[in-house]
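J.: What would the 3D arrangement of this be:
(chains A and B)
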Amino acid sequence: MTAPPIYLDYAATTPVRPEVVAAMEPYWAEHFGNSGSAHRWGRKAGAAIEESRSRIAEALGARRREIVFVRGGTESDNLAILGRAELSRAQGTAPRVAVPATEHKAVLEAAAAVQSMGGTTTILPVDSEGRIEMAALDSALEAGLCCLSCMWVNNETGVMQPIPEIVERAHAAGITVHTDAVQAVGKIRVRVDEVPVDLLSLSGHKIYGPKSVGVLFVREGTEVHARLHGGGQESGLRPGTLDTVGVVGLAEAVCLAVEEQEAYQSRVTALRDRLVGGLRERLNGEVRVHGEHAPRAGHVVNVGLPCGASEMLMISLDLEGLAVSGGSACTSGSTAGSHVLRAMFGEDGPSAGVRFSFGRTTTEEEIDRAIAITARVVERLRPSGATA
Amino acid sequence: MIRAGSRVLVAMSGGVDSSVAAALLVEQGFDVVGVTMKTFCYSGTGDHGKTCCGLDGIVDARRVADTLGIPHYVFDVEEDFTRDVIDDFVSEYAEGRTPNPCVRCNSNTKIPDLLARGRELQCDAIATGHYVRIAHDEGGSHLLRGLDRRKDQSYFLWGLPREVLPSLLFPLGELTKPEVRDRARSLTLATAEKPESQEICFVPTGNYRDLLQKRLPGVHPALEPGPIVRRDGTVIGEHGGYAGFTVGQRKGLPGGFAEPIFVLEVRPGSREVVVGTRDELDVPAMEVAEVNWHGDAPEPGAELSVQIRYRAPDVPAVVEAREGDRLTLRFVEPQRAVTPGQSAVIFDGERVLGGGRIRRALTPPQCLRPDASANDSIAAFSSSESSSGTLTSTSTI
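T.: Model prediction:
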């Protein structure tokens, strides 16, 4: 009787794709060794890890030794920013970092933590399309920084920052650049041999890989201080026994995502345009797309709809079988306003949008049903047409 | 009235009662949507989630919802809760009274908020895990005591606006606590063995003085030393702040008297805590304010039954006067523990007729002139039987 629920929250996480599950399978029980051990079990695991490292390096245009395995995107962002700050402190300078206001919380909170290390954090403003303000960037660069961190693709809006230009300006000022590319790898072209970022973070579970595994790319010659202490794995940068299963799965996921990136991007962009067009048609054009005029990746779109209370909207959509996201979900599962939208529109602007994000299995039929459900719920909740 | 198949919004605190309430509704064929109200910021309490509505509560409610196969959401009502419940709690203590925050929460925050949101989510009814019953007849909807008198929570619900009653479901009203636990166990709900919460949810340590200190402005008389006096004015000692005292309390009073002494009255104007013997605790009448009726208001002369404390029996009383939302009641037998701030709930048998907040206890001369100035600090005396702690009803529901 009821149609199956629709998942349009692929920017939150993705299922692990079958090829990845298959690649991981032998490493749970058969090749279970510790990659640090000298015996054959260890060698088997070690070989798988190094093979994975090579594959990821190749997919990104990096060198093998520049790939550091970590436990996911948040840890990768933290290691980059706090690792740079710690280095700065060890050299006797108070660390200074700068990040745009629209960064993921992993970056914003890591940057804020620099202050407790006696350093300073500069939050860079963005314009109403979500793009970094270049004048503010330049003045931050002039003041000197141990790290500039700027995400490639925004997780809430899909807005792309001009990373090549930012890197150029930063490098001209001698500043190290980190980019959170968690929503970029596999979605847009990301090659570190073409764009000379110094540090780059990626995560497995946004690209049909396992959760809790990721990479920090550390360009050769870029110094970062470790944040954990232990057995010296990952050149001491991220000690701890490596998760062979996760690493192998991550490599498979990265390779597949990068290989399919172009086709994927054009497919999800078409789905996005179908959704926005359909919503505008059904809701008499009263649909704002946040960051519409900025260059955007197509797998995420953030829309403002003509009804209040985003929390009630999210719940109503879920009850109707449509899973989307509003702002960022906190640990308790309640929804709060979005810091990204606040950064774009100020305190008095729209603070809540609905994020739709698309995946490789999303169909046009699902988009059409999502349009119908959303339009129906919005009509019900909008202040003028309150009939409920 | 509320048919099976209707969509019902059920408040799930993460405790065993509301878990079973949700489970019963699922069994009865309702389209159940679970919600947890996040009422205040737990990070400031130094206690992370021991109480029912803490983050643990949210997590547990979510586990139960998953077991039951129902959706679950969190409503952040912190702002409303702070204004309607915590601020009121603090100002009541500042006025020398002893509030029932759970009454305020249910009447002003929880149930109205659930109703409003429930309407937006196309729910036909809302449900909670209170041990009370609802009966519907041609005269309307009536709130009744829970069948398990030891758990009955009707005392906390007199403040519900009359018009919300038809939209309420109380699935536990006919069950006993052991039955509820058994149901939770047989359904293997994560909350089956969760202990009863005893403290006020926003005072998890039980020490409300800390909260008052934090929320009252600067140096507040409620937390400043003042005299302990007998009714004749004799000063017998000093206290560390009248907010620490409630009528009927013995703890914190000087010893060495022939008979034990109790707090009779708190006078915020003079910071006096008035004490006396057990016999001085008996009160013939009281004035009740902020009265809310679930049916027609009784006329002067009407006999009714009133409960003046959680878990106490209701006792007969006569309406002496009624003016606006104020009511003067004369007890048929003098009563102890008539504590300003506590609820007075009026019953007709099992049925809740209404209730209000006890404003003051009335001494005999005042009974003759019920409109005597309410703020006169000489006015009231009152009592309770507790030998040590306070009688504040703190059951979290």
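
J.: Please list the residues outside the strand or helix carrying B:Y73 that contact it.
T.: Per DSSP states H and E, B:Y73 falls inside strand B:72-76. Strand B:72-76 has contacts (Cβ atoms under 8 Å, 6 or more residues apart in numbering or on different chains) with A:311, A:315, A:318, A:332-334, A:336, B:12, B:33-38, B:58, B:61-62, B:65-66, B:113, B:117. Placement of C-beta: from N, CA and C, glycine included.

J.: can you check stretch B:24-33 too?
T.: Residues contacting stretch B:24-33 (Cβ under 8 Å, 6+ apart): A:319, B:4-10, B:22, B:68-73, B:121, B:123, B:127, B:169, B:171-172, B:183.

J.: Is residue 355 part of a helix or strand, or is it coil?
T.: Going with chain A. Classification of A:R355 using DSSP: H, G, I helix; E, B strand; the rest coil returns strand.

J.: Beta-bridge partners for it, please?
T.: Following DSSP bridges, A:R355 is listed with bridge partners A:N302, A:S325.

J.: Please report the distance of it from A:T179.
T.: 21 Å (Cβ to Cβ, to the nearest Å).

J.: same thing with A:E320?
T.: As judged by Cβ to Cβ, A:E320 and A:T179 stand 37 Å apart.

J.: Repeat that for B:R215.
T.: Taking Cβ to Cβ as the measure, B:R215 falls 45 Å from A:T179.

J.: ok, now B:L169?
T.: Going from B:L169 to A:T179 by Cβ to Cβ gives 53 Å.

J.: Please identify which of those two sits among more neighbours.
T.: Comparing B:L169 with A:T179 by neighbour count (other Cβ atoms under 10 Å in any protein chain shown), the higher total belongs to A:T179, at 29 against 22.

J.: Am I right that that one falls within a strand?
T.: Yes - membership of A:T179 in a strand is supported by three-state DSSP.

J.: correct me, but it touches A:L148?
T.: No - with contacts counted by Cβ atoms under 8 Å, A:T179 stays clear of A:L148, the gap being 9.2 Å.

J.: Which of the contacts of strand B:72-76 are buried, as a ChimeraX select command?
T.: Here is the ChimeraX command that selects the buried residues among the contacts of strand B:72-76 (16 or more other Cβ atoms under 10 Å in any protein chain shown):
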select /A:311,315,332,334 /B:12,33,34,35,36,37,38,58,61,62,65,113,117
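
J.: Okay, now the unreliable bits of chain B?
T.: Within chain B, the stretches with pLDDT under 70 are B:1, B:41-55, B:364-397.

J.: Just give me how far the lengthiest helix in chain B sits from the chain centre.
T.: If you go by DSSP state H, chain B has its longest helix at helix B:55-68. Centroid displacement of helix B:55-68 relative to its chain, using Cα atoms, centre = their mean, to the nearest Å, is 25 Å.

J.: Please write out the alpha-carbon positions of it in PDB.
T.: The C-alpha coordinates for helix B:55-68 follow below in PDB (Å, rounded to 0.1, in the frame of the first residue of the first chain):
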ATOM      1  CA  LEU B  55      20.500  13.000  27.000                       C
ATOM      2  CA  ASP B  56      20.400   9.400  28.200                       C
ATOM      3  CA  GLY B  57      16.600   9.800  28.200                       C
ATOM      4  CA  ILE B  58      16.700  10.800  24.600                       C
ATOM      5  CA  VAL B  59      18.900   7.900  23.600                       C
ATOM      6  CA  ASP B  60      16.800   5.400  25.600                       C
ATOM      7  CA  ALA B  61      13.600   6.800  24.100                       C
ATOM      8  CA  ARG B  62      15.100   6.400  20.700                       C
ATOM      9  CA  ARG B  63      16.100   2.800  21.400                       C
ATOM     10  CA  VAL B  64      12.600   2.000  22.500                       C
ATOM     11  CA  ALA B  65      11.100   3.600  19.400                       C
ATOM     12  CA  ASP B  66      13.400   1.500  17.300                       C
ATOM     13  CA  THR B  67      12.300  -1.600  19.100                       C
ATOM     14  CA  LEU B  68       8.700  -0.700  18.600                       C
END
